[in-house]
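need coordinates for the following:
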Amino acid sequence: MKRLAWVLAIVIALSGGVAPVAYAADRTLGERVDDAKITTAVKTKLVADKVKNLINVNVDTQDGVVHLKGTVPTEQDRMEAEHLARTTNGVREVKNDLTVRESGAASPRTR
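Numbers count the residues shown, from 1 in each chain. You can find the predicted model right below:
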């Protein structure tokens, strides 16, 4: 449990400076906090299942729109990551740009 807490603390710390500065200046503090809460909630869901190991998924949130990027082992993992994001409070839309890297495949593919 302590390990999960440390992972979450690192994820939160790293996600703090993700938004572009110019865009951040045009947004209210409340909007930025809401997006940060959504991003943290989605990342928490992704790292909670150690068996799936979806920690390599990059999550960005802007105005309630979650953008998933990165590589996952299977199509099922790709769809599960999208489902976890869609079922997070405050999410209006999910853009799933996750890439599936099959075992033995030379390069990833997207759908």
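
report how many residues lie close to the closest residue to Thr39 other than its chain neighbours.
With sequence-adjacent residues excluded and distances taken as C-beta to C-beta, 6 or more residues apart in numbering, Thr39 is closest to Thr61, at 4.4 Å. For the C-beta atoms, the positions are set from N, CA and C on the backbone; glycine is no exception. Thr61 has 28 neighbours, counted by other C-beta atoms under 10 Å.

same question for Val66.
Neighbours of Val66 (other C-beta under 10 Å): 26.

which other helices and strands does the strand or helix carrying it contact?
Element membership for Val66, per DSSP states H and E: strand 65-72. On a contact count with 3 or more C-beta pairs under 8 Å, 6 or more residues apart in numbering; DSSP states H and E, strand 65-72 meets helix 29-48, strand 57-62, helix 75-86, strand 93-100.

Lys43 contacts Val59, correct?
Yes. Between Lys43 and Val59 there is a contact at 5.3 Å, judged by C-beta atoms under 8 Å.

ok so, going back, mean neighbour count, the helices and strands packed on strand 65-72: which tops it?
Neighbour counts (mean count of other C-beta atoms under 10 Å) averaged over each of the helices and strands packed on strand 65-72 peak at strand 57-62, with a mean of 21.

for Asp26, see how far away Leu84 is.
To Asp26, Leu84 is 29 Å away according to C-beta to C-beta, to the nearest Å.

low-scoring stretches of the protein, by residue?
Counting by pLDDT under 70, the chain has low-confidence residues at 1-25, 27, 29-31, 49-53, 103-111.
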